[in-house]
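Engineer: Here's a sequence, model it:
(2 chains)
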Protein chains: 2
Amino acid sequence: MRGMRELPPPEKRIEDYLVRRIAGAGRAYGFEEYEAPVLEPLELFAAKSGSELAVEQSYNFVDKGGRELIMRPELTPSLARMVAAAGELAYPVRWMSFPVCYRYEKPQRGRVREFMQFNLDILGASGLEADLDVILVLRRIMLGLGATGERFSIRYSSRELASAVLERAGLDPSETPLAFKIIDKHDRMSREEWEDWAVQEMKGVAAADAVIRLASCSNLGSPWLRSIAGDSPAYSEMVRFSGMLESAGVTEARFEAGVVRGLDYYTGVVFELMDTGGENRRAICGGGRYDDLVGLFGGQRVPGVGFGLGLLTLQLFLETYGLLPAELSSSHPADLFLAVYSEGQRDFAVKLAERLRDSGVSVELDITGKSVSKQIRTADRKSIRFVAVVGPDEAGTGELTVKEMATGRETACREEQVAGLVGR
Amino acid sequence: MRGMRELPPPEKRIEDYLVRRIAGAGRAYGFEEYEAPVLEPLELFAAKSGSELAVEQSYNFVDKGGRELIMRPELTPSLARMVAAAGELAYPVRWMSFPVCYRYEKPQRGRVREFMQFNLDILGASGLEADLDVILVLRRIMLGLGATGERFSIRYSSRELASAVLERAGLDPSETPLAFKIIDKHDRMSREEWEDWAVQEMKGVAAADAVIRLASCSNLGSPWLRSIAGDSPAYSEMVRFSGMLESAGVTEARFEAGVVRGLDYYTGVVFELMDTGGENRRAICGGGRYDDLVGLFGGQRVPGVGFGLGLLTLQLFLETYGLLPAELSSSHPADLFLAVYSEGQRDFAVKLAERLRDSGVSVELDITGKSVSKQIRTADRKSIRFVAVVGPDEAGTGELTVKEMATGRETACREEQVAGLVGR
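Structural biologist: Numbers count the residues shown, from 1 in each chain, chains lettered A, B, ... in the order given. Okay, the predicted model is just below:
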């Protein structure tokens, strides 16, 4: 079916490469992996992420026991429930995961129905130091994949700051979610179209004006921003956060008041990672602070901050700039292909292959009984680096002639030497 | 929800350990990883795996577009479709995967609703050499995890042999699937209860007798078996396969005519891996040959053989015999916890932590601003091996005192030396 995650080995190798690099960056900051269920009660998401995502854009259904279930469209509500239920944890908790998520949307470039993302969260730390930490991980992921600050930017703001601006512009607090929704979509349509929408939806000229100005303000020192919210705690916090990022050398991050993100539960700093070029318009990563989410599950209030990063959007970004290693397309797990000259050598070859594996060599043994030339053609098509033929001589002497396919170089050796020869 | 795959970090580490070891064994034989969708059209499984599994015991539903979907209860039909659709592949294809699968069943020990399994298959090779190869991988997985032939046994037979026996006992071929179903469940109830069921379901005394004798025959040389099917090609094949296993040194495998496995698509050799003790009655692994499955998707006929191995049943088995490494429960990804004495050192500490990470050290930096003693208590609870405090002296001189928590040993060093000290 279209939009589903079906990955033959060459594509799976790319995903594995991303997972390996990303998990490595997470571990560098002490993050531990966890796993949450794909199937969840619908109400977990309907109340937390927002109903558009949970109900309209998701796979949800009633199971045989009459329960309303959802295939998770994202991970954070499950994480919050797990943390709330866990009891004793050593806070701050640093957890990461690679959930497969589901959205019932029309597939298009960078948007599919089944996708793997990366989630990384800190729970139990309310200071901006935690927000900085998750952004440092995000940056390390990107730099580790060969991307530079010319190619991506991390845009951040704060929902508290946006709320303060809107409130001071006279917006009724009950309308803040609607204003956020409008701001969040400001670059999904033409400027004119979007402004018309904002004016139409916002009651009052001042509120509409604030929404429109917020969406295009990318300067913390902007006279308009300072005049309307310069004395708010949220503004001071943004100034401080900006200084922390600068001091930590995060030159890839910049303030953008129009960043509010689409999930209902964000309460403070919000951020997203974008391609600075034109080809990938979708955010590669979105995140922020959610200080009230865990508390919704009863028990204590546990502040949280984290992000979700789409592996497919990341892959498209890396492909756009030629940043995926070329060898990913042809690397085969077997070091050595062992061809069998005739059935008389099979028993010997089976046992030889087992001993080579014991010594750390990955061996694909022929199982077809076809001619040696056909066997070697298969090894070649699979891009297996070394080939050796087991014939009567080899079975008799235990000596092998190992051929490196790329160079044609042949080396005669005993089986104990094969591991060294193939680089194991 | 009960029976769902929710793994906090300590449990996730166990799963990761199993995945790492299993994938390593697969790579040793040249298997490549792939990925298939969780959501599939219902008819893919209803026709291929059998309707009991696909319809009654699965999560299936109608999506918003009116399609009947299923959350896969197993992987093989998806694999067969992928291979049929792939066009040019270098046969024999050796593919492996770690699918998360779903069954709508009552959760109990070793049986959950959402579970990860391991699938490994060879496609495009019809000889017993392929069957041997997948059993060799299975055995290497078990031995690599520390299990020995006293703890597990691989029981094999062949559906062709069972069919030959049943046919010669006068069973109508249309009743073979029912007979297989009965045989497959022979150790899920008391012997008496099961025999009553067999007699009741099978038309004819000879057929019932054959079913009952098959289920308890574990000797290829059995006079009964030889008299009824000794001249069949299927019997000769079993004798040959038995010899191949013996020659390859697979002492953990033994013939059991009662092994037929529950999936409709098996056509030849079938096998399962069982705990030889009494605690884990569920098969840890089941597999076999399915030569007609890929052809059902149109195009050429591609023979296949492979197995599925449940990671949870494997884990229970390993726990039963104390075979899970103790250090899995306490290993933390961070090498070093960096405590911050006061906010005056934070900027320095953030940058120091970044440089240490650049040098390969995993560093968890304090983000709480709590007292140093509280910070160190957190590091201790997380079992992070090394701790260093960044205070005014350290920020001034760049020298660190790194303490190994287990021994209390303190080492003064410069930051360039930390990687070596923590073993990176």
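Engineer: if I look at A:E252, how far off is A:G243?
Structural biologist: From A:E252 across to A:G243, the span is 16 Å (Cβ to Cβ, to the nearest Å). Quick note: C-beta positions are derived from backbone N, CA and C, even for glycine.
Engineer: Also A:E201?
Structural biologist: A:E201 sits at a distance of 35 Å from A:G243 (criterion: Cβ to Cβ).
Engineer: Show me which of these two is the more surrounded one.
Structural biologist: Legend: neighbour count by other Cβ atoms under 10 Å in any protein chain shown for A:E201 and A:G243, higher for A:E201 (15 against 12).
Engineer: Which phi and psi values does that one adopt?
Structural biologist: Per-residue torsions, A:E201: phi -80, psi -30 (degrees, to the nearest 10).
Engineer: who are the neighbours in contact with it?
Structural biologist: Applying Cβ atoms under 8 Å, 6 or more residues apart in numbering or on different chains to A:E201 gives the contacts A:178, A:182.
Engineer: So is the lowest-mean-pLDDT helix or strand in chain A next to chain B?
Structural biologist: Lowest by mean pLDDT, DSSP states H and E among the helices and strands of chain A is helix A:51, with a mean of 72. No: for helix A:51 and chain B, the contact criterion (Cβ under 8 Å from any Cβ of the partner chain) is not met; the two come no nearer than 15.0 Å.
Engineer: and that helix, how far out from the chain's middle?
Structural biologist: Helix A:51 sits 23 Å away from the centroid of its parent chain (Cα atoms, centre = their mean, to the nearest Å).
Engineer: Next SSE downstream of that helix?
Structural biologist: strand A:60-62 (DSSP states H and E).
Engineer: Given that next one, what are its sheet partners and their directions?
Structural biologist: Strand A:60-62 has its sheet partners listed here by DSSP bridges as strand A:68-71 (antiparallel).
Engineer: What backbone torsions are found at the residue of the stretch 1-150 of chain A found nearest chain B?
Structural biologist: Nearest residue of the stretch 1-150 of chain A to chain B (Cβ to the nearest Cβ) works out as A:G30 at 3.1 Å. The phi/psi pair for A:G30 (degrees, to the nearest 10) reads phi 80, psi 20.
Engineer: Contacts only, for it.
Structural biologist: Contacts for A:G30 were tallied using Cβ under 8 Å, 6+ apart; they are A:94, B:332-334, B:337, B:362-364, B:382, B:384.
Engineer: if you set the cut-off to 10 Å instead, what comes out?
Structural biologist: Shown in contact with A:G30 (Cβ atoms under 10 Å, 6 or more residues apart in numbering or on different chains): A:92, A:94, A:122, A:133, A:137, B:332-338, B:362-365, B:379, B:382, B:384.
Engineer: do A:V199 as well
Structural biologist: For A:V199, the contacting residues are A:205, A:207-209, A:211-212, by Cβ under 10 Å, 6+ apart.
Engineer: Take those residues and lay them out in JSON lines including distance to B:E279, neighbour count and secondary structure.
Structural biologist: Shown next, in JSON lines, are the contacts of A:V199 (distance: Cβ to Cβ, whole Å; neighbours: other Cβ atoms under 10 Å in any protein chain shown; DSSP: H, G, I helix; E, B strand; the rest coil):
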{"residue": "A:V205", "distance to B:E279": "74", "neighbour count": "11", "secondary structure": "helix"}
{"residue": "A:A207", "distance to B:E279": "67", "neighbour count": "21", "secondary structure": "helix"}
{"residue": "A:A208", "distance to B:E279": "69", "neighbour count": "21", "secondary structure": "helix"}
{"residue": "A:D209", "distance to B:E279": "71", "neighbour count": "16", "secondary structure": "helix"}
{"residue": "A:V211", "distance to B:E279": "64", "neighbour count": "29", "secondary structure": "helix"}
{"residue": "A:I212", "distance to B:E279": "68", "neighbour count": "20", "secondary structure": "helix"}
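Engineer: between these, which is closest to chain B?
Structural biologist: Closest to chain B out of the contacts of A:V199 is A:V211 (31.9 Å), distances taken as Cβ to the nearest Cβ.
Engineer: hang on, isn't that closest one packed against A:I183?
Structural biologist: Yes: using Cβ atoms under 10 Å, A:V211 is in contact with A:I183, at 6.0 Å.
Engineer: picking that back up, what helices and strands are in contact with the least confident helix or strand of chain A?
Structural biologist: With contacts defined as 3 or more Cβ pairs under 10 Å, 6 or more residues apart in numbering or on different chains; DSSP states H and E, helix A:51 has no helix or strand neighbours.
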